[in-house]
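**Student:** Could you work out the structure for the sequence below:
(chains A and B)
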Amino acid sequence: MAIVVKRPKLKWWEHLYLPALAQGMRVTLGHFIKTLSGKKKVTMQYPEEKWDDQLPEHYRGAPALVTDVQGRERCVACQLCEFICPPRAITIKPEEIPSDDKWSKVEKRPKAFEIDMIRCIYCGLCEEVCPEQAIYLRKDYSITGTSRAEMVHDKERLYEIGGVREGLVNKWNELK
Amino acid sequence: MDWHLIIAATIKIVVFVFLTTLPLVAMSVWAERRVSAAIQDRVGPNRVGPFGLLQAVADGIKFLLKEDFTPNHVRKGYFWLAPALVMVPALLTCAVIPFGSKLFGEKMVIADLNVGPLFVFAIASLSVYGIVLAGWASNSKYPFLGGVRSTSQMISYEISLGLSIVPLIMIYGELNLGRIVQYQADNGWALLPLWGEGLSVQGWVLTIPVFVSFVIFMTSMFAETNRLPFDLPECETELVAGYHTEYSSMKFALFFLGEYAAMIIGSGLAVTLFLGGWSLPFGWLSPENTEAAVPWWHGLIHIGVYFSKVIVLILFFIVVRWTLPRFRYDQLMRLGWVFFFEIALFNVVLTAALLWWFNKPVS
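**Tutor:** Predicted structure coming up:
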């Protein structure tokens, strides 16, 4: 069914177009002056001003490895995160802990742990799958580099981003 | 040969055209971006230099260093000629605009021509060739349509542009832009006759046709410079980028700068004809006549006044661009041929009648 749109009947001075121009100029100049006088501030000057304190708790930034309060690495190199990673960004080289080591009970540790941040999609599946709560998505989002090699986070860098995390992990408990 | 004249002219050309107008072009690109940003509650380019003032330099370097890509299907010769044909007429018209009274006994106009406005229109109408050539030589559909649109638009509006200043020329009885400004300095600006002979019934009544002229002149100027609301030749929603779709790097920049240069010259002409050129209101600091000596600091103030008026008009151009939506093409043509042409013609007759009425020989 056709809809008949009623056109508004314009007065003669509205046909002149000039009043409309003045009206339009009032709107644009109003915005112009408001922005110039700083009353209306929308844009944030990004690298200088950041919104990091507003990031929600569940923010999914760069994945990183964490240590416990005593500086021991939580990762047991089970490689579950490597297997679940949809873009295959994680590469782990496991290593056996020698039997004369104090923590030989744990048996395995990562010799190398690399996350290719060009591949990573920040999905958080690695964090979800980790049985030892060793990998977490942190709030770092500005991951940049000047070469592909630089964008691959090695174990050292991952621990640097991850830092220390408290909480109960049973693998070091002699009684369990 | 009079070496003194040649050297003075060369200095004026270099200082006015290359050291003032071209940087003004660059600055108006920056101003356009900052003002449009402010209107849209954004920030705009503010990184390069203080307040982003050096953005124009960065843009220039970028344009020069980009790959100058010439598509294989274009007519190379015309394709290369077109950007120059847009830029050169815009700069040539600088020659007759008086940008100051006098400085060190030298008239602040490159060529003190007795047919100033005619020269401006004659040269400015050449820039349509640049756009036509660009559209034709690009040898693809969107530039072609843009070129066709721009030709008909520029030719249509040139008529009302030319007719709109006839009433003014009749009132001044003069075609020399320098003397027109002097007349306005003595007798009130065309749009603001508040002193001298302008302060009379005749002066006040004549502001009506002058105002009509001003509206037609400014609107036609928008159409001539292909600016919104008349930017149909480039009209990105329909024609990609219109006549400069196939252009890249510095050749594109020349089109871009040519548009702004035309805008600056158009503002300069509007200032000279309607707003008293370099003169201050109420005849302050204005010389006795065009030949009288002017102290150098008065001369500098006059140059400053001229450029401030031009800058205000450029800001007006920019604000209008971000205020009005684009016209439809038939509306554009109707406005030009049905309204402006007739109103301008009627305006000429009206002014003539008014002038005859006021200056009737007493019998």
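
**Student:** What parts of chain B come near chain A?
**Tutor:** Applying CB under 8 Å from any CB of the partner chain, we find that chain B lies next to chain A at B:35, B:37-43, B:215, B:319-320, B:322-324. Using the backbone N, CA and C atoms, a C-beta is placed for each residue, glycine as well.

**Student:** mind checking the longest helix of chain A?
**Tutor:** In chain A, taking DSSP state H as the definition, the longest helix is helix A:18-36.

**Student:** ok so, going back, kindly reformat the residues of chain B next to chain A as TSV and extend each row with neighbour count, pLDDT and secondary structure.
**Tutor:** Shown next, in TSV, are the residues of chain B next to chain A (neighbours: other CB atoms under 10 Å in any protein chain shown; pLDDT from 0 to 100; DSSP: H, G, I helix; E, B strand; the rest coil):
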residue	neighbour count	pLDDT	secondary structure
B:35	23	87	helix
B:37	19	86	helix
B:38	21	86	helix
B:39	23	87	helix
B:40	14	86	coil
B:41	14	84	coil
B:42	13	83	coil
B:43	16	83	coil
B:215	17	88	helix
B:319	18	87	helix
B:320	19	86	helix
B:322	19	85	coil
B:323	20	86	coil
B:324	18	83	coil
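
**Student:** how about the residue nearest to the spatial centre of chain A, secondary structure?
**Tutor:** The residue lying closest to the centre of chain A (CA atoms, centre = their mean) is residue A:61, at 2.0 Å. Assigned with DSSP: H, G, I helix; E, B strand; the rest coil, residue A:61 falls in the coil class.

**Student:** quick revisit: among the residues of chain B next to chain A, which two are most distant?
**Tutor:** The largest separation in those, counting by CB to CB, is between B:43 and B:215 at 33.8 Å.

**Student:** Which positions in chain A make contact with chain B?
**Tutor:** Counting by CB under 8 Å from any CB, chain A sits next to chain B at A:18, A:21, A:24-25, A:27-29, A:31-32, A:34-36, A:40, A:42-43, A:45.

**Student:** 10 Å instead?
**Tutor:** With CB under 10 Å from any CB of the partner chain as the criterion, chain A meets chain B at residues A:16-18, A:20-36, A:40-45, A:47.

**Student:** Pull out the buried residues from those residues.
**Tutor:** The neighbour count (16 or more other CB atoms under 10 Å in any protein chain shown) marks A:17, A:21, A:24-25, A:28, A:31-32, A:35 as buried among these.

**Student:** buried residues in stretch A:101-112?
**Tutor:** Quick answer for stretch A:101-112 (16+ other CB under 10 Å): A:106, A:109-110.

**Student:** In the worst-scoring helix or strand of chain A on mean pLDDT, which residues are buried?
**Tutor:** Ranked by mean pLDDT, DSSP states H and E, the helix or strand of chain A with the weakest confidence is helix A:12-15, at a mean of 80. The neighbour-count criterion (16+ other CB under 10 Å) identifies no buried residues in helix A:12-15.

**Student:** Kindly report the same for stretch A:64-74.
**Tutor:** Applying 16+ other CB under 10 Å to stretch A:64-74 flags A:64-68, A:73-74 as buried.

**Student:** which of these sit farthest apart?
**Tutor:** Across these (CB to CB), the longest gap, 14.3 Å, separates A:64 and A:68.
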